[in-house]
Structures are given as structure tokens and as C-alpha cells.
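Structural data only, the sequence is not supplied:
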């Protein structure tokens, strides 16, 4: 193979990387056996000899960073995070799962349970029911606090299957909100108290929750009314109170506001050369998610085109066998993430991401304060 002397090679333009280095810096190459160039080059002087500044600058970040909402519904949102490092995207994911607070049933007071479901299993099932209540309107409840209208929601469940009736399915819509607090009398040793006085209960509400402005037009309770809690046979009964408090997913999964939160790098499918006629049809059939399509060109010929690269799942079927890797290249964009949030219903998915941003901002401010 002919080798050119180093002095005869063309000069690399200052401030610009050669195409192969730019590809390694910005893309993950997905070969048929394994991906390559998966690492991120963080060193600011990695390309100093070529006049390229690889340092992280705030002005460049603000110019490149953007959020594009692709799909939004009541339960989930899909959006693109462009121009950020994978560590930042992963920080949002971890915060969404473990640190955005929600409301969940923490304490269950069972007065009667003659169903086949054990008390502890029943309490566990109740704890996993999403509660439709904004946690930003409530305070955290600690061991030394008294349950009140600012830190506790009380729900009541009293269902009985009468004898001679068919089996009864108890669903989450049977959980009724008690805005005045607990109705169960507090068990005390003092039996000589004034019978005319109001008995003490397990909560100390100074006012009814439905009298507060933030709850005057909203009924607190389960988000979904059709979640099965138990099934009762004839003569069986469940009577209990469920106390809802504020918490975070890192304490228990029942406080996690998301069913899942995940991200993936944006797929990039590139045709390295024209694929026509029979090979074009073969390529279209190889892809199980219809990334490719056929385009009619002049003189009755057909040509393969990439129409849905975002749908690529990296199955690599299109580059397997018959040197297809010379025709098709599959890549991932390193700084472009497709982020998906599926809410359990406690908060809208777009609000969850906003709260995650606020939490990350507070963490950064604490670090800056401690270092200054």
C-alpha cells in the first residue's frame, strides 16, 4: 500500500476535527457484534493540538441545550433532551424514581378483617394504590409529629358481603375520604374520662380539610377507581382506616411517582451507498420495525430510504449477513436522549420532570454553598 510522507499530507484545519474523530466524539457506532466508541471524552485538552476546545462552557451549553416534547398525555410524556451529558440524563432518571415526593398510604388501622387476605398483605396492597393528591400542598410527617390536616389524609374502607349474596370484589373506589380526620377512637388506659367530651382519635385536625382553599373543589382519594383490593365471600367484612402521608421513593417504592422513567440515545441510521431494486426490498423486509421504505425513482427503479430512524431498536438485523454493514450504518447520538416518563397518576408527567429539575437545582446550590 502506498504511504505518503507526513510532510505531504494535507493540513488539518485549525478549530475543526477530522471527520473520523468528530464521528468518534459524537456518535456510538453500533456494529453487528458490539458497539464501539461508547465513552465520552471529558478532558478539556483532548483536541488542543488541533485547536479544538473540548471544555464545558456555559455559553456553549445554553446555545446547544434544548428540550423538545414529542408526545404528551395524562399518564406519560416523551421528550428529547439535546445537548447534555449522559450523567445529567441519568441524574434526572434517578431523581424521578427516588426523590420526587408523593402521597401514599403509610399506616393502616384495621378494625375488622374477616376476608382471606391477611392484615399485613392487605396493608401492603393498600400502600401501592396511587393517591390523587398534590404532595406540594402537604408537609412531611415524622415520628414526633401529630397527624393533622397539613400532613395526613385519612381514608376509610368499610365493606361487607351479606350472607346469601354472591362474592363481592372490593375496589379502590370504596376508599372514602374523611376530611375531618380519623373516626376511630384512640385506645387509652383512662376509662374515667368525661363521657360528654369528644373522644380522642388517631388524628388531631384543627379544621376540616375540605374547608381549606386548596381542597375545596377536589376530593382526595385513589387516582384509579378500579384497582382490586380484595374479594369477599358471604359474611365476610373489612373495616379499616388508611392514613396517607408524604414520602419519597428512596424510602419505599410506594412513594415513587413513576411507573418507569427511562431514556435512550437517539438512533441514527445511515445508508452508506445506494440500495436499489431487489436489495432494497430485501432491506425493507429485514427490519422488524419498518425503519426503511421504498422510493420509486426514474425508469421504474426502486431505491431504499430511511423514513423512521427514531423507531430503530438496535436489533441490527439490517447489518447481519452478506456484507450489509458496508451498505447500512447504525449509530447513536451521544448527546441526544429520548426520555420517557410514565406517571403513576399522583402528578402529571410534565410536572414530575419540572420537580426533578428543581431538586437537581437545589442539590447543585447546596454543593456550591459548601464549597464557597
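Ah, there it is. This structure is a prediction, so every number in the text was calculated from the model and none was measured.

starting at the chain centroid, how far to the longest strand seen in the chain?
Across the chain, the longest stretch assigned as strand under DSSP state E is strand 328-343. From the chain centre to the centre of strand 328-343 is a distance of 15 Å (Cα atoms, centre = their mean, to the nearest Å).

Partner strands of it, with direction?
Counting by DSSP bridges, the strands paired with strand 328-343 are strand 27-30 (antiparallel), strand 76-82 (antiparallel), strand 258-271 (antiparallel).

For the shortest one, buried residues please.
When burial is assessed from 16 or more other Cβ atoms under 10 Å, strand 27-30 yields the following buried residues: 27-28, 30. The way it works is simple: take the backbone N, C-alpha and C, and place the C-beta from them, glycine included.

quick one: average confidence on it?
Mean per-residue pLDDT for strand 27-30: 92.

same for the following helix or strand past it, what does it pack against?
Per DSSP states H and E, the first helix or strand lying C-terminal to strand 27-30 is strand 35-36. When contacts are defined as 3 or more Cβ pairs under 8 Å, 6 or more residues apart in numbering; DSSP states H and E, strand 35-36 sits against strand 27-30.

what's around residue 274, how many residues?
12 (other Cβ atoms under 10 Å).

Nearest residue to it in space, ignoring adjacent ones along the chain?
residue 303 (6.3 Å; Cβ to Cβ, 6 or more residues apart in numbering).

returning to that earlier point: could you redo the strands paired with strand 328-343 as a markdown table and give each row distance to residue 312?
Listed next are the strands paired with strand 328-343 as a markdown table, based on distance: least, Cβ to Cβ, whole Å:
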| stretch | distance to residue 312 |
| --- | --- |
| strand 27-30 | 9 |
| strand 76-82 | 15 |
| strand 258-271 | 4 |
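
Return the most buried member of these.
Highest mean neighbour count among those (mean count of other Cβ atoms under 10 Å): strand 27-30, with a mean of 20.

sorry, back to before: does the residue nearest to residue 274 touch residue 279 like I think?
No - counting by Cβ atoms under 8 Å, residue 303 sits too far from residue 279 to count as a contact (10.1 Å).

hmm, back to that, can you check the pLDDT for the residue nearest to residue 274?
pLDDT, read off for residue 303, is 92.

Residues contacting the helix or strand containing it from elsewhere in the structure, which ones?
Element membership for residue 303, per DSSP H and E: strand 302-306. The contact list for strand 302-306 (Cβ atoms under 8 Å, 6 or more residues apart in numbering) reads 269-271, 274-277, 279-281, 283-284, 291-297.

how about that strand: buried residues?
Neighbour count says strand 302-306 has 302-304 buried, by 16+ other Cβ under 10 Å.

ok so, going back, please list only the buried members of the contacts of strand 302-306.
Here, 16+ other Cβ under 10 Å leaves 269, 271, 275, 280, 283-284, 291-292, 294 buried among the contacts of strand 302-306.

taking these one by one, which sit in strands?
269, 271, 292, 294.

Can you name the helix or strand that residue 245 falls in?
Judged by DSSP H and E, residue 245 forms part of strand 237-247.

Equivalent analysis for residue 155, please.
Taking DSSP H and E as the definition, residue 155 sits inside strand 153-160.

Any buried residues in that strand, and which?
153-157, 159-160.

phi, psi of the closest residue to residue 345 other than its chain neighbours?
Excluding the flanking residues, the one nearest residue 345 by Cβ to Cβ, 6+ apart is residue 223, at 3.5 Å. Main-chain dihedrals, residue 223, degrees, to the nearest 10: phi -70, psi -40.

ok, residue 223 to residue 261 distance?
18 Å (Cβ to Cβ, to the nearest Å).

do residue 204 as well
In terms of Cβ to Cβ, residue 204 sits 37 Å off from residue 261.

what's the answer for residue 133, then?
From residue 133 to residue 261 the distance is 21 Å (Cβ to Cβ).

One more: residue 169?
Relative to residue 261, and taking Cβ to Cβ, residue 169 is found at 32 Å.

what's the answer for residue 282, then?
38 Å.

so where's this structure uncertain?
Along the chain, the parts satisfying pLDDT under 70 run over 1-15, 188-197.

quick one, longest helix in this protein?
In the chain, with assignment by DSSP state H, the single longest helix is helix 349-371.

still on that earlier bit, and the angle from the strand holding residue 303 to strand 258-271?
140 degrees (axes from the mean of the first three to the mean of the last three Cα atoms, to 10 degrees).

residues contacting residue 228?
Contacts of residue 228 by Cβ under 8 Å, 6+ apart are 169-172.

Now render the residues you listed as JSON lines, adding secondary structure, neighbour count and distance to residue 183.
As requested, the contacts of residue 228 are exported to JSON lines (DSSP: H, G, I helix; E, B strand; the rest coil; neighbours: other Cβ atoms under 10 Å; distance: Cβ to Cβ, whole Å):
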{"residue": "169", "secondary structure": "strand", "neighbour count": "14", "distance to residue 183": "25"}
{"residue": "170", "secondary structure": "strand", "neighbour count": "21", "distance to residue 183": "19"}
{"residue": "171", "secondary structure": "strand", "neighbour count": "16", "distance to residue 183": "22"}
{"residue": "172", "secondary structure": "helix", "neighbour count": "21", "distance to residue 183": "20"}
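
Can you convert the residues you listed into JSON lines and add a column each for distance to residue 145?
Listed next are the contacts of residue 228 as JSON lines, based on distance: Cβ to Cβ, whole Å:
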{"residue": "169", "distance to residue 145": "36"}
{"residue": "170", "distance to residue 145": "31"}
{"residue": "171", "distance to residue 145": "31"}
{"residue": "172", "distance to residue 145": "27"}
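
okay but residue 172 is in contact with residue 226, surely?
Yes - counting by Cβ under 8 Å, residue 172 touches residue 226, with 7.0 Å between them.
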